[in-house]
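**Student:** okay, predicted coordinates and the sequence, questions at the end:
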Amino acid sequence: EAQVTQNPRYLITVTGKKLTVTCSQNMNHEYMSWYRQDPGLGLRQIYYSMNVEVTDKGDVPEGYKVSRKEKRNFPLILESPSPNQTSLYFCASSLGRGGYGYTFGSGTRLTVV
Amino acid sequence: GQQVMQIPQYQHVQEGEDFTTYCNSSTTLSNIQWYKQRPGGHPVFLIQLVKSGEVKKQKRLTFQFGEAKKNSSLHITATQTTDVGTYFCAGGLQTSYDKVIFGPGTSLSVIP
């Protein structure tokens, strides 16, 4: 089944403790992206990747890092999480940045205390 | 900056009534996509419109792309409880290397 797999689904952590949210897709998509979803603010793009080793900042990249060493994986790294990063995070993949529908993962609900 | 807006923010309808959500962009779009997110779920791609004035249908859902490619609408005929969720439009920006901007969404509640 074509899908984007995110882990974990839920995560509660403390301020400053580094964490990684994994994202993997099995559709051989070149484009992958991370979004955060907050009430009233919709989906805001954090980082995106056009292909292996090609990443770029989205609209809200502060406090986040990403890497794209393999085509299928696009982990999101929070080096020093803060409470304002408490949010619902979605990974998405697509054949390209624009002009193609995005397939979203099931989401990761992160709480930073 | 470039924005994609949606109205209404919330809509409560009686089951069987029609529903429409509108999407408006401050700039011309290369395409418009629509997604549905069920409560507790993730956005799911519904459709993409590319041509000016394009109309597409999926069963009870009708999608339109405006002539100027700056607005779009999603109309649901005779809503059902399975239609509950948030509907997002996402516009592809012609002038920004295909950047896609999501609208804030319209949350639909259907009263049985």
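**Tutor:** It's in.
**Student:** leaving out sequence neighbours, find the closest residue to residue 21.
**Tutor:** In the absence of a named chain, chain A is used. With Cβ to Cβ, 6 or more residues apart in numbering or on different chains as the criterion, A:V21 has its nearest non-adjacent residue at 4.5 Å, and that residue is A:L76. Where C-beta positions appear, they are placed from N, C-alpha and C, glycine not excepted.
**Student:** nope, chain B
**Tutor:** Nearest residue to B:T21, sequence neighbours excluded (Cβ to Cβ, 6+ apart): B:T106, at 3.9 Å.
**Student:** isn't the residue nearest to A:V21 up against A:W34?
**Tutor:** Yes: assessed by Cβ atoms under 8 Å, A:L76 is found in contact with A:W34 at 5.0 Å.
**Student:** more crowded one of the two?
**Tutor:** A:W34 (27 against 22; other Cβ atoms under 10 Å in any protein chain shown).
**Student:** centroid-nearest residue for chain A?
**Tutor:** Central residue of chain A (Cα atoms, centre = their mean): A:W34, 3.0 Å from the mean position.
**Student:** quick check: the gap between that one and chain B.
**Tutor:** A:W34 sits 13 Å away from chain B, taking Cβ to the nearest Cβ, to the nearest Å as the criterion.
**Student:** what about residue 20, which helix or strand?
**Tutor:** If you meant another chain, say so; for now it's chain A. Per DSSP states H and E, A:T20 falls inside strand A:19-25.
**Student:** if you could check chain B rather than the one you did, that'd help
**Tutor:** Going by DSSP H and E, B:T20 is in strand B:19-25.
**Student:** and B:Q3, what's its pLDDT?
**Tutor:** Here the pLDDT value assigned to B:Q3 is 85.
**Student:** now it: closest residue in space, sequence neighbours ignored.
**Tutor:** B:S26 (5.2 Å).
**Student:** and the strand holding A:T20, what's buried?
**Tutor:** A:L19, A:V21, A:C23, A:S24, A:Q25 (16 or more other Cβ atoms under 10 Å in any protein chain shown).
**Student:** from the contact counts, what lies against that strand?
**Tutor:** Contacts defined by 3 or more Cβ pairs under 8 Å, 6 or more residues apart in numbering or on different chains; DSSP states H and E place strand A:19-25 against strand A:4-7, strand A:10-13, strand A:31-38, strand A:76-78, strand A:87-94, strand A:108-112.
**Student:** mind saving the C-alpha coords of it as PDB?
**Tutor:** Only the C-alpha atoms of strand A:19-25 are listed here, as PDB (Å, rounded to 0.1, in the frame of the first residue of the first chain):
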ATOM      1  CA  LEU A  19      14.100  14.500  19.500                       C
ATOM      2  CA  THR A  20      13.600  13.100  16.000                       C
ATOM      3  CA  VAL A  21      10.400  12.400  14.200                       C
ATOM      4  CA  THR A  22      10.800   9.900  11.400                       C
ATOM      5  CA  CYS A  23       9.100  10.000   8.100                       C
ATOM      6  CA  SER A  24       9.300   7.300   5.400                       C
ATOM      7  CA  GLN A  25       7.500   6.900   2.100                       C
END
